[in-house]
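> fold the following for me, if possible:
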Amino acid sequence: MAKIKLEISKLENAASKMRAIAHPMRIAIIEMLNDTAKMSVTEIYERLSIEQAAASHHLNILKTKGVLTSKREGKKIFYSLKNKTLNTIIECLDKCNED
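Model (predicted):
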């Protein structure tokens with residue numbers, strides 16, 4: 001049986017990302033961006049029916065923790081998933097909640 005080598009820095013990075021996505025609004029943002037390659041802040045807060053400031057706050061956390069990337073196009077900033085594999089974690093969590 002192969003021994004798994006655990007690197008503390010990788011575990012800390014993974015835990016940091018897990019804490020970042022551990023909020024219902026952030027999970028919703030990740031799910032939306034999994035379905036749509038890129039979205040503007042306006043599209044995100046309108047679809048979630050939340051205030052622009054709240055959307056910006058959640059997007060900033062996700063971006064800071066390396067979950068999202070952003071790109072300015074004219075006056076708008078568009079967000080996209082940095083790595084689509086995070087959605088697999090969310091799908092797994094959804095399956096854990098099935099009765």
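> what kind of secondary structure is residue 77 in?
strand (DSSP: H, G, I helix; E, B strand; the rest coil).
> so in terms of bridging, what pairs with it?
Listed by DSSP bridges, the beta-bridge partners for residue 77 are residue 72.
> thought it was touching residue 70?
Yes - judged on C-beta atoms under 8 Å, residue 77 makes contact with residue 70 at a distance of 5.2 Å. Placement of C-beta: from N, CA and C, glycine included.
> what about this protein, any weak spots by pLDDT?
Across the chain, the ranges flagged by pLDDT under 70 are 1-4, 99.
> which residue would you name as the spatial centre of it?
A centroid search over the chain (C-alpha atoms, centre = their mean) returns residue 30, at 4.2 Å, as the residue closest to the centre.
> what's the helix or strand for it?
Per DSSP states H and E: residue 30 is located in helix 24-35.
> and that helix, what does it pack onto?
Applying 3 or more C-beta pairs under 8 Å, 6 or more residues apart in numbering; DSSP states H and E, we find helix 24-35 packed against helix 8-21, helix 41-48, helix 52-64, strand 76-81, helix 86-96.
> the ones you listed: which one's closest to residue 35?
helix 86-96 (9.2 Å; C-beta to C-beta).
> now the angle from the closest one to helix 52-64?
Angular relation of helix 86-96 and helix 52-64 on a 0 to 180 degree scale: 110 degrees, by axes from the mean of the first three to the mean of the last three C-alpha atoms, to 10 degrees.
> hang on, the earlier thing: got a list of contacts for the helix holding residue 30?
Helix 24-35 has contacts (C-beta atoms under 8 Å, 6 or more residues apart in numbering) with 20-21, 39, 44, 47-48, 50, 54-55, 58-59, 61-62, 67-68, 79-81, 84, 86-87, 90, 93.
> let's see 7 Å
For helix 24-35, contacts defined as C-beta atoms under 7 Å, 6 or more residues apart in numbering pick out 20-21, 39, 44, 47-48, 50, 58-59, 61-62, 79-81, 84, 86-87, 90.
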